[in-house]
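Engineer: here you go, sequence then predicted model.
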Amino acid sequence: RTLLRRPLRAFVADEIGLGKTITAILAMRRLMDLGLARRVLILVPRVLVKQWVMELGRFGVSPVRVERLSFDSIRERGFPEGVYVASLDLVKRPRYADRVAGVEWDLVIVDEAHRLSLPRSGKKTLRLEFAEKVASSRGRSILLLSATPHKGDTRDYLNRLLLLDPDLVRDFRALDRPEFYAASRNVLIFRRTKIDVNEVYELRRVFPPCKVLAVVVPATPEEGEFHARLIRFLRTKILDFHRAAGTEPRALGLLNALIFKRASSSPY
């Protein structure tokens, strides 16, 4: 469905484990075989750079890693034809953004594309600004990949689709209609679920039902002490804040829970 397009601009939003990476690499290889993708830029979170390099190697592709130490050398050589893998958070920086966006890429792949978010404030992030620069070339093929295309914010979701189709109206209210969502499904955005694989594509149970078993593990003495001290800290500090601000202490339980959750999940 997608490879018939020139250029190829689509959002692959399959559930986790259904092969978005492989789909993107196969599409890339097909475009390369047709001479339509001589320069390819793959933008990923830093933690996935190594994984993408390994996956590309399985398909006989030897990519160039764009790093701080290698950037100047690659730029001086004019970004020769090939496949490049870069951390989005590196190339979005002012030092690199214009230079990378100015390269004549034939295909740009963005993994974890839900990170190209439009905050409710409307102020664009550096990630989104960079993506818009790259997507502004209408003849460039673009593949967005994410298992969570919609994060609950309609404007945020529609703004990602605007990256793919610059001819869409820029009015979010006009696009936020059942007719548009129906028209864009399997046209701009493609999403398969594990149920689809079992019941439509394979007609067999490729993915068995998931059974969740909760296991209760006693806290260590250190964890118990951390928990108790954190609770005491939150109870006093949140009240101190309200006293200093002269505001009425409300939703203390919710605030405690939210901050406790963040503090408890911090590596530090």
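Structural biologist: Perfect, thanks for sending it.
Engineer: what ranges does the stretch 51-200 of the chain have for its helices?
Structural biologist: Remark: helices assigned in the stretch 51-200 of the chain by DSSP state H, counting those that start in this stretch are 68-76, 88-91, 94-101, 126-135, 154-164, 172-175, 178-184, 194-196.
Engineer: now do the fifth one, average pLDDT.
Structural biologist: Here helix 154-164 scores 89 as its mean pLDDT.
Engineer: also stretch 18-36?
Structural biologist: 93.
Engineer: mind listing what's buried in that stretch?
Structural biologist: Across stretch 18-36, burial judged by 16 or more other CB atoms under 10 Å covers Leu18, Lys20, Thr21, Thr23, Ala24, Ile25, Ala27, Met28, Arg29, Leu31, Met32, Leu36. In short, each C-beta sits where N, CA and C put it, glycine included.
Engineer: show me the contacts for the nearest residue to Arg93 once chain neighbours are set aside.
Structural biologist: Among residues not flanking Arg93 along the chain, Leu126 sits closest, at 7.2 Å (CB to CB, 6 or more residues apart in numbering). Shown in contact with Leu126 (CB atoms under 8 Å, 6 or more residues apart in numbering): Lys92, Arg93, Ala97.
Engineer: which PyMOL command selects the buried ones in these?
Structural biologist: In PyMOL, this line selects whichever of these come out buried by 16+ other CB under 10 Å:
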select buried, resi 92+97
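Engineer: can I get stretch 216-232 in PDB? Just the C-alpha atoms.
Structural biologist: Extracted as PDB, the C-alpha positions of stretch 216-232 are listed here (Å, rounded to 0.1, in the frame of the first residue of the first chain):
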ATOM      1  CA  VAL A 216       4.600  -9.300  46.100                       C
ATOM      2  CA  VAL A 217       8.200  -8.900  47.200                       C
ATOM      3  CA  PRO A 218       9.100  -7.600  50.700                       C
ATOM      4  CA  ALA A 219      11.000  -4.300  50.800                       C
ATOM      5  CA  THR A 220      14.600  -4.300  51.900                       C
ATOM      6  CA  PRO A 221      15.400  -2.400  55.100                       C
ATOM      7  CA  GLU A 222      17.000   0.400  52.900                       C
ATOM      8  CA  GLU A 223      13.900   0.600  50.700                       C
ATOM      9  CA  GLY A 224      11.600   0.700  53.800                       C
ATOM     10  CA  GLU A 225      13.600   3.500  55.300                       C
ATOM     11  CA  PHE A 226      13.600   5.400  52.000                       C
ATOM     12  CA  HIS A 227       9.900   5.000  51.800                       C
ATOM     13  CA  ALA A 228       9.200   6.300  55.300                       C
ATOM     14  CA  ARG A 229      11.600   9.300  55.000                       C
ATOM     15  CA  LEU A 230      10.200  10.200  51.600                       C
ATOM     16  CA  ILE A 231       6.600  10.200  53.000                       C
ATOM     17  CA  ARG A 232       7.700  12.400  55.900                       C
END
